[in-house]
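Enquirer: Pasting the sequence and the predicted model now:
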Amino acid sequence: MSTRITPPAIVADNLTKVYGAEKTTAVNAVSFMVERGELFGLIGPDGAGKTSIFRMLTTLLLPDGGNALVDGRDIVKDYQQIRHTVGYMPGKFSLYPDLTIAENLNFFVTVFNTTIEENYHLIKDIYVQLERFKDRRAGKLSGGMKQKLALCCALIHKPTVLFLDEPTTGVDPVSRKEFWEMLKRLKEQNITILVSTPYMDEATLCDRIALMQQGSILAIDTPDAIIKSYPDILYAIRAEKMPALLKVLGTNNTVATSYAFGEYAHATFKEHVHQEQDIVSMLQYAGMDNIEVKRIQPTIEDCFIKLLHA
Ligand SMILES: Nc1ncnc2c1ncn2[C@@H]1O[C@H](COP(=O)(O)OP(=O)(O)OP(=O)(O)O)[C@@H](O)[C@H]1O
């Protein structure tokens, strides 16, 4: 009896993209692997190279170096098969604004030679929220609804791998939360998902993440493992006058790093001998009032900042 080994959903091997006459390296020898059924996140700010990676993996852009396999198929040689089996939701609104919700969905159904009934179970939770507006033109929908329609269109042919490029950018917090709940349900249906986001708080919702900056991957692991590998002791600090506090932290020679983080400043110190009380005394000496200092668990954003300065 022969056993067929199922390849990983995505294997990127030194994938590289260089643009224009100036030869800007947008993606710099990026390698990662996504297992079947994983929810994998590319996390990084604008310009990190996320869209270029998506466009290469979905066969819309040729790499300038390296190679990648999607479903075991080569993104250059096997582009036609890949286009039939994956789903892609680009970052920019990609649907036909003058077509209605129903017409947009039917368009994708026809292109992929399927029927709505065949895979309705995949889009049902999302589509029921759109159904009563089905005769509304896509261009007249809210951001959250556009995003739900785009997801339905990307899913209607039951892709093996779903590529979602910044699906929650510009979407309100409630719809963002709902969207991630939908992704969890899709994962249960055994669809592999590669998702990108500039929102660091969304990183913890992925099984594994790659933190990206300027075309390179800084770290790949589970969000928990990335947080656990943070090497320093991190403090959240607040005082009555925050600008003055940031200035003190920025100039004090016992401080290793400091930056504003919401209502607090986050800081690490050069020697691990510091206790909360030592920091309070140092800040009192520098003229700060109403000081609060607490040792905290780093967030993914703190880890990202640390990796940038490593
Ligand atoms: N067609 C292009 N020609 C020249 N430079 C490009 C082109 N597309 C992207 N770039 C540059 O490549 C870099 C990576 O862009 P990319 O869109 O892949 O990143 P991103 O992480 O998706 O960010 P964004 O959210 O801004 O799209 C950026 O510096 C961008 O300006």
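Expert: Structure's in. What do you need? Residues are numbered from 1 along each chain as shown.

Enquirer: residue contacts, the nearest residue to R36 once chain neighbours are set aside?
Expert: Ranked by C-beta to C-beta, 6 or more residues apart in numbering and with sequence neighbours excluded, the top spatial neighbour of R36 is A9, at 4.9 Å. For glycine as for every other residue, the C-beta is placed from the backbone atoms N, C-alpha and C. Contacts for A9 (C-beta atoms under 8 Å, 6 or more residues apart in numbering) come out as V34, E35, R36, G37, E38, V70, D71, T160, V161, T192.

Enquirer: which residues touch the helix ranked longest in the chain?
Expert: What stands out as the longest helix in the chain, according to DSSP state H, is helix 173-188. Identification of contacts with helix 173-188 by C-beta under 8 Å, 6+ apart yields 37-39, 122, 125-126, 143-144, 147-148, 151, 155, 162, 164, 167-168, 171, 193, 195, 199, 202, 205.

Enquirer: And that helix, what's buried?
Expert: Buried residues in helix 173-188, defined by neighbour count with 16 or more other C-beta atoms under 10 Å: S175, R176, E178, F179, W180, M182, L183, L186, K187.

Enquirer: gap between the fourth one and the ligand?
Expert: Remark: distance between F179 and the ligand (C-beta to the nearest ligand atom, to the nearest Å) = 17 Å.

Enquirer: Quick check: residues of this protein near the ligand?
Expert: By C-beta under 6 Å from any ligand atom, the residues of the chain that approach the ligand are Y19, G20, T24, A26, G44, D46, G47, A48, G49, K50, T51, S52.

Enquirer: what about the stretch 151-300 of the chain, any weak spots by pLDDT?
Expert: 272-274 (pLDDT under 70).

Enquirer: Quick one: the strands in it, in order.
Expert: Read by DSSP state E, counting those that start in this stretch, the stretch 151-300 of the chain holds these strands, from start to end of the chain: 161-164, 192-197, 208-213, 216-221, 234-238, 255-261, 264-269, 292-296.

Enquirer: Pairing partners for the shortest one, with directions?
Expert: To tie it back to what came earlier, the one meant is strand 161-164. Strand pairing for strand 161-164, using DSSP bridges, gives strand 86-89 (parallel), strand 192-197 (parallel).

Enquirer: winner for burial among those?
Expert: By mean neighbour count, with neighbours taken as mean count of other C-beta atoms under 10 Å, strand 192-197 ranks first of the strands paired with strand 161-164 at a mean of 26.

Enquirer: Give me the phi and psi for L99.
Expert: L99 adopts backbone torsions of phi -90, psi 150, taken as degrees, to the nearest 10.

Enquirer: Neighbours of the residue nearest to it when sequence neighbours are not counted, how many?
Expert: If the residues on either side of it in the chain are set aside, L99 comes closest to A138, at 6.0 Å by C-beta to C-beta, 6+ apart. Residues lying near A138 (other C-beta atoms under 10 Å) number 23.

Enquirer: quick one: A138 and L105 touch, right?
Expert: No - with contact defined as C-beta atoms under 8 Å, A138 and L105 do not form a contacting pair (9.8 Å).

Enquirer: Find the residues that touch each one of those two.
Expert: Between them, A138 and L105 share the neighbouring residues L149, with contact defined by C-beta under 8 Å, 6+ apart.

Enquirer: Please work out which residue of the stretch 151-300 of the chain is closest to the ligand.
Expert: Among all residues of the stretch 151-300 of the chain, E166 sits closest to the ligand, at 6.0 Å; criterion: C-beta to the nearest ligand atom.

Enquirer: Please report the distance of the nearest residue to that residue once chain neighbours are set aside from Y19.
Expert: Nearest-residue entry for E166: G91, 4.2 Å, with adjacent residues in sequence omitted and distances by C-beta to C-beta, 6+ apart. When distance is defined by C-beta to C-beta, to the nearest Å, G91 is 17 Å away from Y19.

Enquirer: Now do the contacts for F107.
Expert: Y96, L99, C153.
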